[in-house]
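S.K.: coordinates only, sequence not included:
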């Protein structure tokens with residue numbers, strides 16, 4: 001097994017899915033809601049955008065890509081850790097997915113503290 005510093009975002013996502021499969025469907029529903037929100041609130045999002053790492057148009061593209069993956073592969077994403085990781089946590093798509101996962105546990109105040117701690121360990125800098 002790789003040491004923690006060698007784990008990719010995809011590796012961490014697979015592990016999260018393996019450890020907490022019971023939370024994945026609700027997480028996917030939340031991510032899908034975030035995709036809709038970004039697309040529906042483009043005007044206000046564009047005005048308030050202050051992320052110097054990616055442009056708002058790039059963020060909008062990532063949200064649309066994540067939404068498309070979920071719509072196309074929902075069952076596989078929920079039931080298979082490899083699909084969850086490869087469809088949502090590889091490449092630049094991981095930027096949006098990680099943001100959603102961290103928001104899911106922080107804003108929603110997830111009731112499973114172990115899941116919240118795992119998200120914090122894996123995805124918070």
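M.R.: Cool, the structure landed. As the structure is a computational prediction, the values presented were derived from the model and not from experiment.
S.K.: Pull the residues that contact the lowest-mean-pLDDT helix or strand in the chain.
M.R.: Within the chain, no helix or strand scores below helix 42-48, which has a mean of 89 by mean pLDDT, DSSP states H and E. For helix 42-48, contacts defined as CB atoms under 8 Å, 6 or more residues apart in numbering pick out 38, 56, 59-60. All C-beta spots, glycine's among them, are computed from the backbone N, C-alpha and C.
S.K.: Now tabulate those in a markdown table and tack on distance to residue 28 and pLDDT.
M.R.: Output for the contacts of helix 42-48, formatted as a markdown table (distance: CB to CB, whole Å; pLDDT from 0 to 100):
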| residue | distance to residue 28 | pLDDT |
| --- | --- | --- |
| 38 | 16 | 94 |
| 56 | 24 | 93 |
| 59 | 19 | 95 |
| 60 | 20 | 96 |
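S.K.: Just give me the neighbour total for residue 101.
M.R.: Residue 101 is flanked by 24 other residues according to other CB atoms under 10 Å.
S.K.: which SS class is the residue nearest to residue 19 when sequence neighbours are not counted?
M.R.: Spatially, and ignoring its direct neighbours in sequence, residue 19 is nearest to residue 118 (6.2 Å; CB to CB, 6 or more residues apart in numbering). Three-state call for residue 118 (DSSP: H, G, I helix; E, B strand; the rest coil): helix.
S.K.: residues in contact with residue 118?
M.R.: So residue 118 contacts 16, 19-20 (CB under 8 Å, 6+ apart).
S.K.: Give me the buried subset of those residues.
M.R.: Buried members of the contacts of residue 118, scored by 16 or more other CB atoms under 10 Å, are 16, 20.
S.K.: Alright, that wraps it up for me.
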